[in-house]
Structure formats: structure tokens, C-alpha cells
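In: Mind folding the following:
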Amino acid sequence: MSGLKFIIIDGYPKPSREQFEEVGMTKAGELYAKLLLQHMPDAKYDIFYSSDPGVVLPNEEELEKYDGVLWPGCNLTVYHDHDERVTKMVDLCKAAYEVGVPQFGSCWAAQIAVYAAGGEVKPNPKGREMGLARKVFLTEEGLNHPMYEGKPPVFDGFISHDDEITKLPEGGKWLASNDFTKVQAVEVKYKKGIFWAPQYHPEYDLHEVARLIIAREEKLIKQNYFNSKEDLMNYVQDLETIFENKNNKDLRWKYGIDEDVLQDSIRQLEFVNWLNKIVIPHSKRLE
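Out: Sure, this is the predicted structure:
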């Protein structure tokens, strides 16, 4: 199908987006637009910078004109009910559930998928999971779930988060896990809607995660991921070197960088499966 239309909700506040630009990172909404066009070149999309003052998000009637809602990561906190920037996005997620527009996203997306349907999200007592989520494994429900059709049962993924899902809502499925974060992916069916979301980021590549590490320098040094800025920048440079030359055997061996994060066909499979198994069938039903 061609000409499907998507809404992308980039909830990063403007100063955070400007920081991404300063470190050479693609803005979260644009990164999802790139991912969408990579796999559906004729797709149309609208990006809403929802945390900017005065931005009005679509109501239910307007949402129904879209074939899917895409949620990039976000550095706000989903359970901050006092923050209007957050509640505005939670309300949009609830509206999409209400009218049945399929939803997909990463990181913050998994948390808002659960929270908007009555689940629970809290700070991860282990602190920040950053860079690569190691040894993510599919649960029993994940092994047979269409989002993971064709995916290895154990894999690594790019990741950056402080909070974690601690309770699934009714209609929620636990699809993936690892030693650091129990819930690494979910499906939530709520009202008329369905939401697929990994906690890790299929849309990132080594370059994007390297730039994000620079953006998170203060937090990462404080949490002892790096001893100094020099250590951090050496790591960033090595990731960039692998990104430029994926056959760099010594650095790939040093950091344990495998094909599951280097190859788009493996890393982005969750998103591709969502397009093919949820979005396109949903759109055909409405024709």
C-alpha cells in the first residue's frame, strides 16, 4: 500500500532538541521519519513537537485520519502527572487507543503504552541502562509474537533510559527481557487499540547512539560509566569508527558489536513487522 499517513510525536522539549543538534544527533522525530521512509517510501507524516508551548495535538476525530501513531523516545517522565507536557501525550495515547489507530514506538513509547492503559512505571533501581542492552531475550509470549517474527531469540539493542515498566495493564503482554530491565518490550491491547513497543531503540544506529552518549556526558560520568570526558570521547570515537567501517574486526571484538545491531534488517525488524502485520491490514479494513 502507498500513501499511508502517520503522526510522529516528538516530546523532547526544545532545549533538548537543540542539544541533540549541537552534538550532531538527529532529532528523535526526524529519526522516526527516516525509519518510516526507509521501509515505506510513499508514506506521509506529520511531526508534532508536543512539548513546545502552544502546540495542540489532534483530537480523536483528527487522529482517525492517520494510519499509525509513532512515538520516539523522550526525556520527560511518564508518571509526572503534574507536567502538562506529559499529560498531553498520555491523553493522545489514550485517544489513539479509543479510536483504534495502531501505535508503535521505542523507550518512552513502551512506558506510555503501559501507563496510559493503567499500568505502572517507576525509576529503575539499577540506574540508567545506556548504550547497548545486552542479551535481550524473548519471553514465552515473545517467542510466538508477530513483532518478533524472524528475530533471533537473544539479541542486543541500542538503549538509553532511567525508568522501567513495573506492572503491565490488563491487556498487556510481556515480550522481552534482560538482566538489567525486566520488561524490554510490550504489546498492549486496550479499548479498540493496539500498541507494540520495545524499551530499546530499533531506530538508532552506532552513530546516533555515539552522539547521544555525548549529550548524556554529565549523567554517564556521574554514574561511573566513564572515568572522564576523555574516556567517554575515546569510546564515542571507537563507535563512530565501527559505524564507518563495519568490518573493523578489532573494535567490534573489543566492544562485542554484532550483526544484530549493525544490520538494519535485524535491528529494525520489530518496526517492519508492525507495518506489515498491523498497519497495512488495519488500513485495508478501512478502505
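
In: separation between residue 221 and residue 59?
Out: In this view, residue 221 and residue 59 are 44 Å apart by C-beta to C-beta, to the nearest Å. Backbone N, C-alpha and C define where each C-beta goes, glycine included.

In: who has more neighbours, those two?
Out: Per other C-beta atoms under 10 Å, whichever of residue 221 and residue 59 has more neighbours is residue 221, with 15 against 12.

In: what comes up buried for the helix or strand the more buried one falls within?
Out: Per DSSP states H and E, residue 221 falls inside helix 217-222. For helix 217-222, the neighbour count (16 or more other C-beta atoms under 10 Å) marks 217, 220 as buried.

In: Can you tell me what sits against stretch 243-256?
Out: The set of residues external to stretch 243-256 that reach it, using C-beta atoms under 8 Å, 6 or more residues apart in numbering, is 132, 134, 156, 205-207, 210, 238-239, 241-242, 257-258, 262.

In: run the last query once more with 7 Å
Out: By C-beta atoms under 7 Å, 6 or more residues apart in numbering, the residues outside stretch 243-256 that reach it are 205, 206, 207, 238, 241, 242, 262.

In: Of the residues you listed, select the buried ones using a PyMOL command.
Out: With 16+ other C-beta under 10 Å as the criterion, this PyMOL line picks the buried residues out of the contacts of stretch 243-256:
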select buried, resi 205+206+207+238+242
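
In: among the contacts of stretch 243-256, which are in helices?
Out: 206, 207, 238, 241, 242, 262 (DSSP state H).

In: would a markdown table of these with distance to residue 99 be doable?
Out: Formatted as a markdown table, those follow (distance: C-beta to C-beta, whole Å):
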| residue | distance to residue 99 |
| --- | --- |
| 206 | 38 |
| 207 | 37 |
| 238 | 46 |
| 241 | 46 |
| 242 | 43 |
| 262 | 38 |
